[in-house]
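Asker: take this sequence and fold it.
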Amino acid sequence: MPQRLSILIAEDNAADRMLLSTIVNRQGHRALTASNGLEAVALFLQEQPQLVLMDALMPVMDGFEAARRIKQLAGEELVPIIFLTSLTEGEALVRCLEAGGDDFLAKPYNRVILEAKIKAMDRLRRLQATVLHQRDLIAKHNEHLLTEQRVAKAVFDKVAHSGCLSSPNIRYLQSPYALFNGDLLLAAFKPSGGMHVLLGDFTGHGLPAAIGAMPLAEVFYSMTAKGYAMRDILREANTKLKRILPVGVFCCATLLNLSFQRRVLEVWNGGLPDGYLHRGEQGDVVPLVSRHLPLGVLEPAAFDDKYEVYPLVTGDRVFLWSDGVLETCNIVGERFGDDRLRAVFADNQEPARLFDEIQQALVDFRGEAQDDVSMIELSLVEESALKRPTQTFTDNGLLAPLDWSASFEFRAQTLKRFNPLPYLMQLLLDIQGLRGQAGALYTVFAELYSNALEHGVMGLDSSLKRDAQGFARYYQERSTRLANLERGYIRFHLELLPGEAGAGRLIIRVEDSGPGFDARTALAQPTDERLCGRGLRLISQLSARCDWPDDGKGVRVEFVWPAHE
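Answerer: So this is what the prediction gives:
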């Protein structure tokens, strides 16, 4: 059944008003009448009719002005105006349209035509109302979606940037192509000193590309904080992404392990453009080549966690970027490309300005990003220049046992595949008194384990690391020997001795299956810039006491902590 309408009739001729009212009423609608334009505007304000029949020529206020005012009062709502006119000139009819008219009805009036026009205008009015209603719904849903995205992005940014990107040795640039960044940039200090840095680039951009960022960031931060090695983090990240990401979605990534104390850079690149290691003294540029498939592609059994190791000196810089940098296009469709990037390095005179010069080259290229753009510069500095945050714990450590000892033996098949340090450190950091020395404890444990594994069990000669070439040979030989390891062991003996009022002492003894070595002679050697011999000095400097037996087999280290004040 057609909807009953309120129809305003503005006509100065009384006979015409009566005729029109009769037609409208017989059609089942409600007729409102006015004798001039001013009355019509007032009646419109009072009654809010759905349709107007407007005479063009009326006293006091003509139909043109009345139509303009009614359209203004109606706002977004469509109130169709059918002009009643005997005018036939084209110019006069144009005036009706310009005043806001939607149709014409010529005099003398025809009932059938008037009824048809009213029905047509009502359909148009209801269609407009439907469009406005749908627009409002879309706007409401869009605002709801934007609110959810803002909340999600705030959480995403807090998770993604909860590490140490503000560290003085890091400079970075991130320019997302959409609200959510498909590129992921993570950095975190390791408990044993140094830091892990990850640059990831998920397929696509926007929210779909950012979905995998949360679990990847969780793996990165939690495992780094617990002292896990780079291999462990890579394997866990790949396994989790392979399990949760849909087919065709993966993460090209480069993971770096930077050690300030050992002055070592470890690099795993899976699918990202080659990064660069810029050596400050010589000015050499060493490509950090992608040698692996991205994270989330391979099954865990097929995943390759092998990484490359480079020696560093103070002033060396590492540069990483996502493919959005190389794929930036100029106005004629040319890509920035790797050749232009290499040219920036070749032309550089001040290494400290390289990061700025790369950015300026992108600006001068007048490129338009085709993807998320991310870039990071990582410098080797003295660790004392960094402000490491204090490690936080979820408990107060008061419920941990205070008087105990334990022994662990890890044999060849375990040493090939398992890093025992995080396991042992979680046990020790339950002790409240040791938490203030967590960094030193991690560092000493890492050096003790590396010495026992590399020199004791595998028999590697540290003097190989006298220069960069020997350094590379050393780690290549380490990888080979570890893969072929069939016998040997490392033993950890831990003893906790409580004192009064919360004081205490931790004694660590480490033994291995090797022949032993003369640690006292090695420590007596003068300090130089060689890439070997630093671990023993670190152990001596960071522990309260360090003793080597006369036969050189094993080491005994102590940590102490004072009573509670």
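Asker: tell me the domain ranges of this protein?
Answerer: 6-132, 161-384, 404-561 (automatic domain parsing).
Asker: least confident of those, on average?
Answerer: The minimum mean pLDDT among the domains of the chain belongs to domain 404-561 (a mean of 83).
Asker: give the contact list for residue 545.
Answerer: By C-beta atoms under 8 Å, 6 or more residues apart in numbering, the contact list for residue 545 reads 556-558. Where you see a C-beta, it was placed from the backbone N, CA and C, and this is true even at glycine.
Asker: redo those as JSON lines? Include secondary structure, neighbour count and distance to residue 543.
Answerer: Shown next, in JSON lines, are these (DSSP: H, G, I helix; E, B strand; the rest coil; neighbours: other C-beta atoms under 10 Å; distance: C-beta to C-beta, whole Å):
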{"residue": "556", "secondary structure": "strand", "neighbour count": "16", "distance to residue 543": "10"}
{"residue": "557", "secondary structure": "strand", "neighbour count": "22", "distance to residue 543": "5"}
{"residue": "558", "secondary structure": "strand", "neighbour count": "16", "distance to residue 543": "6"}
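Asker: what is the nearest of these to residue 445?
Answerer: Using C-beta to C-beta, residue 557 comes nearest to residue 445 of the contacts of residue 545, at 9.0 Å.
Asker: beta partners for the closest one?
Answerer: Beta-bridge pairing for residue 557 (DSSP bridges): residue 508, residue 546.
Asker: so it touches residue 508, yeah?
Answerer: Yes. Taking contacts as C-beta atoms under 8 Å, residue 557 lies within contact range of residue 508: 4.6 Å.
Asker: what do the two both touch?
Answerer: Listed as contacting both residue 557 and residue 508 by C-beta under 8 Å, 6+ apart are 444, 448.
Asker: tell me which of the contacts of residue 545 is nearest to residue 278?
Answerer: Among the contacts of residue 545, residue 557 lies closest to residue 278 (C-beta to C-beta), at 37.5 Å.
Asker: how about that closest one, what does it touch?
Answerer: The contact partners of residue 557, taken as C-beta under 8 Å, 6+ apart, are 444, 448, 507-510, 539, 543, 545-547.
Asker: which one of these is nearest to residue 129?
Answerer: Lowest distance from residue 129 to the contacts of residue 557 (C-beta to C-beta) belongs to residue 444, with 76.2 Å.
Asker: identify the residues contacting that closest one.
Answerer: Counting by C-beta under 8 Å, 6+ apart, residue 444 makes contact with 508, 538-539, 542-543, 557, 559.
Asker: which residue ranges of the stretch 51-200 of the chain form helices?
Answerer: 63-74, 90-98, 111-160 (DSSP state H, counting those that start in this stretch).
Asker: compute the inter-axis angle for the second one and helix 63-74.
Answerer: Angle between the axes of helix 90-98 and helix 63-74 is 20 degrees (criterion: axes from the mean of the first three to the mean of the last three C-alpha atoms, to 10 degrees).
Asker: pull out the buried residues from helix 90-98.
Answerer: For helix 90-98, a neighbour-count test (16 or more other C-beta atoms under 10 Å) marks 93, 95-96 as buried.
Asker: a markdown table for these, including distance to residue 515?
Answerer: Below are these laid out as a markdown table (distance: C-beta to C-beta, whole Å):
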| residue | distance to residue 515 |
| --- | --- |
| 93 | 110 |
| 95 | 109 |
| 96 | 108 |
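Asker: for stretch 545-555, output the C-alpha coordinates as CSV.
Answerer: The C-alpha atoms that make up stretch 545-555 are tabulated as CSV, following Å, rounded to 0.1, in the frame of the first residue of the first chain:
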residue,chain,number,x,y,z
ARG,A,545,86.5,-14.5,42.0
CYS,A,546,87.8,-16.7,39.2
ASP,A,547,90.2,-19.6,39.6
TRP,A,548,91.7,-22.1,37.2
PRO,A,549,93.2,-25.3,38.5
ASP,A,550,96.9,-26.1,37.9
ASP,A,551,96.1,-28.7,35.3
GLY,A,552,94.0,-26.2,33.3
LYS,A,553,91.0,-28.5,33.3
GLY,A,554,87.9,-26.5,34.3
VAL,A,555,87.3,-23.2,36.0
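Asker: name the residues of it that are buried.
Answerer: Here stretch 545-555 shows 546, 548, 552, 554-555 as buried, counting by 16+ other C-beta under 10 Å.
Asker: out of those residues, which sit inside strands?
Answerer: 546, 555 (DSSP state E).
Asker: if we can go back for a sec, got the helices of the stretch 51-200 of the chain as JSON lines, with distance to residue 231 columns?
Answerer: Output for those, formatted as JSON lines (distance: least, C-beta to C-beta, whole Å):
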{"stretch": "helix 63-74", "distance to residue 231": "71"}
{"stretch": "helix 90-98", "distance to residue 231": "76"}
{"stretch": "helix 111-160", "distance to residue 231": "23"}
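Asker: out of the ones you listed, deepest packed?
Answerer: helix 63-74 (a mean of 20; mean count of other C-beta atoms under 10 Å).
Asker: contacts for it?
Answerer: Residues outside helix 63-74 that contact it (C-beta under 8 Å, 6+ apart): 10, 37-38, 40-41, 44-45, 52, 54-58, 79, 81, 83-85, 95-96, 99-101.
Asker: rewinding a little: right, and the helices of the stretch 51-200 of the chain - which one's nearest residue 261?
Answerer: helix 111-160 (27.4 Å).
Asker: who are the packing partners of that closest one?
Answerer: helix 14-26, strand 51-55, strand 81-85, strand 103-106, strand 183-189, helix 207-210, helix 213-225 (3 or more C-beta pairs under 8 Å, 6 or more residues apart in numbering; DSSP states H and E).
Asker: residue 172 is nearest to which of those?
Answerer: With respect to residue 172, and counting by C-beta to C-beta, the nearest of those is strand 183-189 at 5.9 Å.
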